[in-house]
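# can't give you the sequence, but here's the structure:
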DNA sequence: TCGCTTCTGTTATAGGTTCTAACTCATCGC
DNA sequence: GCGATGAGTTAGAACCTATAACAGAAGCGA
């Protein structure tokens, strides 16, 4: 645990209390969703009284923003770690699915309903870019493995992406890899969002079958 | 406008006030999201005082439930009307996109973050089934139009769906049509959810290109 | 037309929330 | 030890949901 005990005692204490607040916040969110998050309730359960928490977070919004950032970070770490361990795109799909099922409300904090006025802070967008970079790298591996016969003529989307690839982080992957990473992302989020929101309940089939079928279609398995 | 003025004067008045309440509610939701919906604020803007609204809705949850139902209904009507006018699957995709972009928060009320404990009332699930029935019908048209050469061997998902098609509403469509309707739904919701939540902002490309590319891939255009 | 009933809207109130202000007290560094 | 910093407290303003008790209008039957 390198870096855990850096700074002055006060800073360490402060960081620890902040972590404790966030832990209680996650507990509440898991139980009743982010909209039910209450600073007062957290304070009460920590043996503190209401306004004490404002020493640690400027308000409810700042706490939620921190939770969103942590959620983003946990997904980015999970994906990046497995990618560095040599996982291919199909394996990354399973990482994403596991991460989502492990805590649906955490998934929705990242990919759920946005607040109209809300502007994502800079660090979360950079984490999002980090995730896309990993997916892009893995996608380049898939399209690179395709035999020349499999290379279809670039469609309109590839052409469009070839001209708008400012988000590729300098990755020299072909536009077909850009397309694959993007479609991978949207299709899997599509299945997960509907599954976790319960839109498949009562339909009788197993969402995992749908998910893995989409992964197969994407990775040419 | 058949059926608008049915019932006693009191019933008509009551229905009108309920509609007015919902109109103000949508206004608030469009501006600041469903979590910012306030009965007090609605009452104030209607020239009423707080508790008066409880004559029309038992509480905040019941109002939101009514709004969810109306949102579902508007999507089902939009899709069904165009389908009855002869629209094919690609055209229905455009209807869905237009409906979503027209009011993102309405989309998220249906397909956004769910409240953990919340159980969808029966009438909304039946509307969801109605939407799926329309998509299934249009999907059957697409797979029916495919030449025999295009018919691929049924994959694992088709096999799974063939055994779990309780949601098909008695439609005798082949399991490939079930698969298509399901994948149509999830892929398009994937693009729309990410687009409307702003996850593509700053990436430079046009989400509509991605959307139409997915529609092309689905309808074999 | 009278009067009863039903429904609408009111105020008062309880209890919850976020958040600010002002104050007390412990801790840390010099 | 002493001053500065920071943590935690209570008090309070301004919201919110929701209920209770009451006033008054509208509808309906006799």
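Nice, thanks for sending it over. Small disclaimer: the values here were computed from a predicted structure and weren't measured. Numbering: from 1, shown residues only, chains lettered A, B, ... in the order given.

# tell me the domain boundaries of chain A?
Chain A breaks down into these structural domains: A:1-57, A:67-219 (assignment by automatic domain parsing).

# hey, where'd the helices end up in chain A?
Taking DSSP state H as the criterion, chain A contains helices spanning A:9-32, A:39-45, A:60-84, A:89-102, A:104-111, A:122-145, A:156-163, A:175-196, A:207-219.

# Point out the most buried one among those.
When these are scored by mean count of other C-beta atoms under 10 Å in any protein chain shown, the highest mean neighbour count falls to helix A:175-196 (a mean of 24). Every residue, glycine included, has its C-beta placed from N, CA and C.

# same for that one, what does it pack against?
With contacts defined as 3 or more C-beta pairs under 8 Å, 6 or more residues apart in numbering or on different chains; DSSP states H and E, helix A:175-196 has these neighbours: helix A:89-102, helix A:104-111, helix A:122-145, helix A:156-163, helix A:207-219, helix B:175-196, helix B:207-219.

# can you rerun that using 6 Å?
helix A:89-102, helix A:104-111, helix A:122-145, helix A:156-163, helix A:207-219, helix B:175-196 (3 or more C-beta pairs under 6 Å, 6 or more residues apart in numbering or on different chains; DSSP states H and E).

# Residues in contact with the last one: which ones?
By C-beta atoms under 6 Å, 6 or more residues apart in numbering or on different chains, the list of residues contacting helix B:175-196 from outside reads A:186-187, A:189-191, A:193-194, B:93, B:96, B:100, B:104, B:111, B:135-136, B:139-140, B:143, B:157-158, B:161-162, B:165, B:207, B:210-211, B:214, B:218.

# Make JSON lines from the helices and strands packed on helix A:175-196 and add mean pLDDT and distance to DNA strand D to it.
Formatted as JSON lines, the entries for the helices and strands packed on helix A:175-196 read as follows, by pLDDT from 0 to 100; distance: least, C-beta to the nearest atom of the strand, whole Å:
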{"stretch": "helix A:89-102", "mean pLDDT": "98", "distance to DNA strand D": "30"}
{"stretch": "helix A:104-111", "mean pLDDT": "98", "distance to DNA strand D": "21"}
{"stretch": "helix A:122-145", "mean pLDDT": "94", "distance to DNA strand D": "22"}
{"stretch": "helix A:156-163", "mean pLDDT": "97", "distance to DNA strand D": "44"}
{"stretch": "helix A:207-219", "mean pLDDT": "97", "distance to DNA strand D": "32"}
{"stretch": "helix B:175-196", "mean pLDDT": "98", "distance to DNA strand D": "25"}
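
# among those, which is nearest residue B:8?
Across the helices and strands packed on helix A:175-196, residue B:8 has its closest neighbour in helix B:175-196 (41.7 Å, C-beta to C-beta).
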